[in-house]
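**Q** Have a look at this prediction, sequence included:
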Amino acid sequence: MERFTISLDESLASEFDALIAARGYGNRSEAVRDLIRSAIEVDRQRATPSGHCVANLSYVYNHHERELAERLTHLQHQNHNLTVAAMHAHLDHENCIESVILKGPSAEVRRFADALVAERGVRHGSLNVVAIEVEHHHVHHDHGEAHVHYRPAR
């Protein structure tokens, strides 16, 4: 058996201990093992995403975290082809919540979301993905612009 050490702030450790007690775990190690197993299974289920999707990436972060807001904005600009819209709200004097609507190849959307949520200082990151398929191509006759309509995959 391998051992490793993690550091938690007091508040997170206290909440984790409450979760452990509520779920009936005998110790932190077994709870952490179950969390790791769960994360591995989720990763297996989403392996090799294909096709296109629309997605909502929501996350909370502390805007006082050194250069975090700039790093998040930079990531969004690097992936401007995936970013449809973003909404930002202030929760309190320190924390903000953002919700970013994404559209594009599923693998690229997931890669971008994983990179953003992995930034130090981002908390509560969650990606909700909806697979989409091309419904039809449409040309506006008044100005000749063509675009594609998508619908949720069935």
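**A** Nice, thanks for sending it over.
**Q** Flag every buried residue along the host helix or strand of D114.
**A** Assigned by DSSP states H and E, D114 falls within helix 106-117. Under the neighbour-count criterion of 16 or more other Cβ atoms under 10 Å, helix 106-117 has S106, E108, V109, R110, F112, A113, L116, V117 buried. Where C-beta positions appear, they are placed from N, C-alpha and C, glycine not excepted.
**Q** Could you single out the nearest of the residues you listed to L68?
**A** Here the nearest of these to L68, counting by Cβ to Cβ, is L116; it sits at 10.7 Å.
**Q** My read is that that closest one contacts L68, right?
**A** No - L116 is beyond contact range of L68, at 10.7 Å (criterion: Cβ atoms under 8 Å).
**Q** Are there residues contacting both of these two? Which ones?
**A** Overlap of the contact sets of L116 and L68 (by Cβ atoms under 8 Å, 6 or more residues apart in numbering) consists of V122.
**Q** thinking again about what came up before, going by distance to S38, which of the buried residues of helix 106-117 wins?
**A** Out of the buried residues of helix 106-117, the member with the shortest distance to S38 (by Cβ to Cβ) is V117, at 16.3 Å.
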